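[1] No sequence on hand, only this structure:
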Ligand code: 5GP
Ligand code: ZN
């Protein structure tokens, strides 16, 4: 639906419901689901439905970037005490392994001590 990235992109496939995930929030713009290798008690990935490579592309749609950040705050409220860290690994040299923009929401126990 979004073009070239879709078929081969794991986060596009999760957003489309073609690959299972523990989804904690879904709306027209973003999907949030638990990371399969959690680094904190709450470790959720928030992704735009649209396939963009990383946060440097996501800034081209400020409303969509805002939706990602807003959802991160809501997840932290819903599943922890509201405090959270937000991490966008950007580029392979910084540890990005999935090239569909995603915000790591780290909250609850262990959130302050991760290597992310
Ligand atoms: P990156 O290193 O690109 O910032 O983070 C990618 C994250 O996606 C990693 O924390 C990894 O555990 C998570 N991840 C990779 N594949 C899947 C998947 O298929 N499902 C879920 N829920 N998380 C994934
Ligand atoms: Zn994608």
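    That came through, no problem. The structure presented is a predicted model; accordingly, all values stated were derived computationally and were not measured. Numbers count the residues shown, from 1 in each chain. Ligands and ions are numbered 1, 2, ... in the order given.
[2] need the contact list for residue 11.
    45, 47, 51, 98, 100, 102 (CB atoms under 8 Å, 6 or more residues apart in numbering). From N, CA and C alone the C-beta is placed, and that goes for glycine too.
[3] are any of those buried, and which?
    Neighbour-count burial (16 or more other CB atoms under 10 Å) applied to those gives 45, 47, 51, 100, 102.
[4] Near ligand 1, which residues of the chain are found?
    With the criterion set to CB under 6 Å from any ligand atom, the chain comes near ligand 1 through 10, 21, 33-37, 45, 89, 95-98.
[5] pLDDT score for residue 75?
    pLDDT, residue 75: 98.
[6] Go through the longest helix along the chain and flag the buried ones.
    In the chain, taking DSSP state H as the definition, the longest helix is helix 62-79. Buried residues in helix 62-79, counted by 16+ other CB under 10 Å: 64, 65, 67, 68, 71, 72, 73, 74, 75, 76, 79.
[7] Quick one: name the residues of this structure near ligand 2.
    5, 9, 11, 12, 51, 100 (CB under 5 Å from the ion).
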